[in-house]
Each structure stands twice: as C-alpha cells, then as structure tokens.
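Asker: Following is a predicted model, sequence given first.
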Amino acid sequence: MSATVSMLRSAPRTAVRSYSSSSQLQRKVTILGAAGGIGQPLSLLMKLNPLVSSLSLYDIAGTPGVAADVSHVNTLVQVSGFAGEEQLGKALEGSDLVIIPAGVPRKPGMTRDDLFNINAGIVKSLSAAIAKFCPNALVNMISNPVNSTVPIAAEVLKKAGMFNEKKLFGVTTLDVVRAKTFYAGKANVEASEVDVPVVGGHAGITILPLFSQVTQKLKTLSDEEIKALTKRTQDGGTEVVEAKAGKGSATLSMAYAGAIFADACLKGLNGVPDVVECSFVQSSVTELPFFASKVRLGKNGVEEVLGLGPLSDHEKQGLQSLIPELKASIEKGIKFAKES
Ligand SMILES: NC(=O)c1ccc[n+]([C@@H]2O[C@H](COP(=O)([O-])OP(=O)(O)OC[C@H]3O[C@@H](n4cnc5c(N)ncnc54)[C@H](O)[C@@H]3O)[C@@H](O)[C@H]2O)c1
Ligand SMILES: O=C(O)C[C@H](O)C(=O)O
C-alpha cells in the first residue's frame, strides 16, 4: 500500500497521535488558488495529512465556502479561508509550505506555453507576496507553464533578496504518477510497486521518463513499447485536456500528485531520512539552470539534487532533444520577471 493511500485510510487516528506527541510537527500549509479545480481536492487531501496543523486556503474568491466545507472533515487540522488580495498577507504569514495551483488551465488545442501571458503575471504577484510575508517557506509551484513559472518565481524572489534555491520546487509529480501507472498497465505489475524517475521539465518532449531505471522490471518491454509509453507520458496532460473537452485539465490526479509531493516536503522538513521525489529545481545536472530530476528532501528543502544515472540510447536522445525547448522556456520566464 502506498504511503498516501495508507495516510488517507488512517488520517484521523494518526493526526491525534502526531499532535499529542510532538509540537515540532505543527506545520502551516497555504494553498494559493484553493477554490479551483486542483485547489479544492488538494485542500481536502491536505486536511487529511497528519503532518499539517494549520491549512490556509487563499483564492481571489470562493475560499470561505471551500474552507467551511473542508473544515467539517474530522481531523485536527485547523482550516481558514482567505479571499481577495487584501487577505493574501494574512493567508501567507507563518507558512512552512506554500502550494500554488493558481492560474488558468489549458483548453484543447493549447500548449502549456499558451498559458504564459495570464499565468506569468499571477505567479509573479504571488511570488512577491511570498517574499514579503513568508520568505522562509518551501514553495511548490503547480501553475503552468512550470518550465517558465519556476524561473519567474526564482527571479522575483531574487529581486526581493529572498531567493533560496533549496526552497523552490516545480511540481512534476504527476508525470511520475502517470509513468508509473502507464508502465504498470503495460507490464502487468502492481502500479503502487513501480517507481519511474521522470526528468527534464513539465511540457511535451521536455518530460523524459527514464523507463530504463524502472523498479519492478518483471517483464522486459520492447523498444517500441518503451517509445509508446514515453510518448503517452509526455502527452498525458493533453490526453486529459482533450477528454475534458474544454472543461479544463487534470485536477483530481494533480491534487493526488500535489498531495504526495507536499507530504514529501513536510516529511523532509520534519527530518525524516531518505525522502526522494522528482522535482523541477535549480540544478547543475545539465547545462540548464533549472531541471527536473530526483531530489533528496530535508530540513531546509532540497538536501541534494541527484544525478540522472545511466541512460538508455533512447533516453540520451530524448535528453538532447529536450534541451533547446526547456532552455527557451526558462529564458522566457527569466526575461519576463526581469523586464516586467
Ligand atoms: N504541474 C502540473 O503537473 C499541473 C497539472 C495540472 C494543472 N496544472 C496547472 O495548474 C493551474 C490550475 O489549474 P486548475 O485546473 O486548478 O484551474 P482552475 O481555473 O480550476 O483554478 C485556478 C484557480 O486559481 C485562482 N486564481 C487565479 N488568479 C489567482 C490569484 N492571483 N491568486 C490566487 N488564486 C488565483 C482562480 O480563481 C481559480 O480558483 C493551471 O495553470 C494548470 O495548467 C499543473
Ligand atoms: O496538461 C496540462 O495542461 C495540465 C498539466 O500540466 C498536466 O500535465 O496534466
């Protein structure tokens, strides 16, 4: 059983145990964009997380209702709702972890980069508020295009003199969740027992699953099957956007993935050893300033950015192909933050 599934099954009892045993486990988590498609189920999942003591739900509107609703779930997490820019500071003050699913989602026919014009400004203003009200918090960036929004947040935090490269994460966990699910389906193994690192970025070919490093290699898949799995993982977001036919992009699977990554960050903060997840972070693994790879999480956020490990020829080729696109998206984000 995965850690998250077991967390969900035992949430209320575990919560009582954590709070009575150690005040050091009290953590404030803030969700920016909490009334949205991802924000609402993610708020529910964080209400079930025994490592959270206070859950602050912020959006431009609608959060008092979401907070009232989620607050009735019988765990010990204290929930507060904040709506409108004048309440943003109060929402953020004292946060240990800020999760950002604020911004517009794709419609069929759009790329993630088509969201840049609207979401870049949203991420910029929210990052400025984080620099002002909770500069020591870990930040989990979900808003797309992640390949540009993470560099934007870094630049805004730098301008404010508050950038700490150990504390800013682009959330790419959904790519890992998809790679595990699709691989398990093809190889006929238990999805919860499969692990697949996904590196690069979070858009199209910049998403590079490393199926050569999969755990649970009970069955050897052909090169053609691996290529098809790679393509399906890269197009996973588009598969959902098309199926939703204009009603947005992945929300439920993203909330699940976001909750897994937030839980890993909280475990790291609490000193749990060997917490490793893939994430898009400041990196020297390639020549690019930001790159997704396995990251060891610790009390200060990123403890170690792990290397890529041995790659198959197909993966080496994928890595070469993704660099120009990822570089351009990173540079676009940096330029926007510097010039606006
Ligand atoms: N990283 C990933 O893997 C991943 C996966 C799925 C979706 N996403 C992205 O997450 C974002 C949100 O998706 P969604 O489906 O929840 O969209 P949504 O439209 O349902 O919700 C977005 C929410 O953000 C809020 N918002 C807008 N401006 C804001 C601001 N300035 N401050 C606070 N909140 C603000 C909106 O009011 C809305 O409630 C999109 O950009 C989407 O592309 C990323
Ligand atoms: O595909 C999208 O636009 C949303 C998200 O990035 C995803 O991967 O599902």
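Answerer: Done, it's in. Ligands and ions are numbered 1, 2, ... in the order given.

Asker: in stretch 248-266, what counts as buried?
Answerer: Neighbour-count burial for stretch 248-266 flags 248-251, 253-266 (criterion: 16 or more other C-beta atoms under 10 Å). Every C-beta, even on glycine, is put in place using the N, C-alpha and C of the backbone.

Asker: Looking at this structure, which helix is longest?
Answerer: helix 313-339 (DSSP state H).

Asker: Quick check: next helix or strand after the strand or helix carrying Ser43?
Answerer: Assigned by DSSP states H and E, Ser43 falls within helix 39-47. Next helix or strand after helix 39-47 toward the C-terminus (DSSP H and E): strand 54-59.

Asker: tell me which element Ala129 falls in.
Answerer: Counting by DSSP H and E, Ala129 is found in helix 116-133.

Asker: got the buried residues for that helix?
Answerer: Neighbour counts over helix 116-133 (16+ other C-beta under 10 Å) mark 116, 119-120, 122-124, 126-131, 133 as buried.

Asker: What pLDDT is listed against the residue in the chain that ligand 2 sits nearest to?
Answerer: Of all residues in the chain, Gly237 sits closest to ligand 2, at 2.1 Å by C-beta to the nearest ligand atom. If you check Gly237, the pLDDT there is 98.

Asker: So which bits of the protein are right by ligand 1?
Answerer: Where the chain comes near ligand 1, counting by C-beta under 6 Å from any ligand atom, the residues are 32-33, 35-39, 59-60, 101-106, 115, 119, 122, 126, 142-144, 146, 171, 174, 202, 248-251, 254.

Asker: residues contacting Thr173?
Answerer: Contacts for Thr173 were tallied using C-beta atoms under 8 Å, 6 or more residues apart in numbering; they are Ala257, Gly258, Ile260, Phe261, Glu277, Cys278, Ser279.

Asker: What segments of the stretch 51-200 of the chain are helices?
Answerer: 63-71, 88-92, 116-133, 146-159, 173-187 (DSSP state H, counting those that start in this stretch).

Asker: would you turn these into a markdown table with distance to ligand 2 and mean pLDDT?
Answerer: Listed next are the helices of the stretch 51-200 of the chain as a markdown table, based on distance: least, C-beta to the nearest ligand atom, whole Å; pLDDT from 0 to 100:
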| stretch | distance to ligand 2 | mean pLDDT |
| --- | --- | --- |
| helix 63-71 | 21 | 98 |
| helix 88-92 | 24 | 98 |
| helix 116-133 | 11 | 98 |
| helix 146-159 | 7 | 98 |
| helix 173-187 | 5 | 96 |
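
Asker: okay, and the helix or strand of the chain with the least pLDDT?
Answerer: helix 11-21 (a mean of 37; mean pLDDT, DSSP states H and E).

Asker: re earlier: quick one: the longest helix of the chain to helix 116-133, angle?
Answerer: 70 degrees (axes from the mean of the first three to the mean of the last three C-alpha atoms, to 10 degrees).

Asker: Rounded mean pLDDT for helix 313-339, please.
Answerer: 98.

Asker: Would you mark the buried spots in that helix?
Answerer: For helix 313-339, by 16+ other C-beta under 10 Å, it's 314-315, 318-319, 322-323, 325-327, 329-330, 332-334, 336-337.

Asker: now do stretch 155-163
Answerer: Glu155, Val156, Leu157, Met162, Phe163.

Asker: Surely the third one is in contact with Lys166?
Answerer: No. Counting by C-beta atoms under 8 Å, Leu157 stays clear of Lys166, with 11.9 Å between them.

Asker: residues in contact with the one residue in the chain that gets nearest to ligand 1?
Answerer: Going by C-beta to the nearest ligand atom, ligand 1 is nearest to Gly36 of the chain, at 2.0 Å. Counting by C-beta under 8 Å, 6+ apart, Gly36 touches Asp59, Pro101, Ala102, Thr251.

Asker: So which of the residues you listed is surrounded by the most neighbours?
Answerer: Most neighbours among these, by other C-beta atoms under 10 Å: Pro101, with 27 neighbours.

Asker: need the contact list for that residue.
Answerer: Pro101 neighbours (C-beta under 8 Å, 6+ apart): Ile31, Leu32, Gly33, Ala34, Gly36, Ile38, Gly39, Leu42, Ile142, Ser143, Met254, Gly258.

Asker: Kindly recompute the last result at 10 Å.
Answerer: 31-34, 36-40, 42-43, 59, 140-144, 171, 251, 254-255, 258 (C-beta atoms under 10 Å, 6 or more residues apart in numbering).

Asker: for Gln78, same thing?
Answerer: Here Gln78 is in contact with Gln26, Lys28, Lys47, Val52, Ser53, Ser54, Leu55, Ser56, Ser71 (C-beta under 10 Å, 6+ apart).
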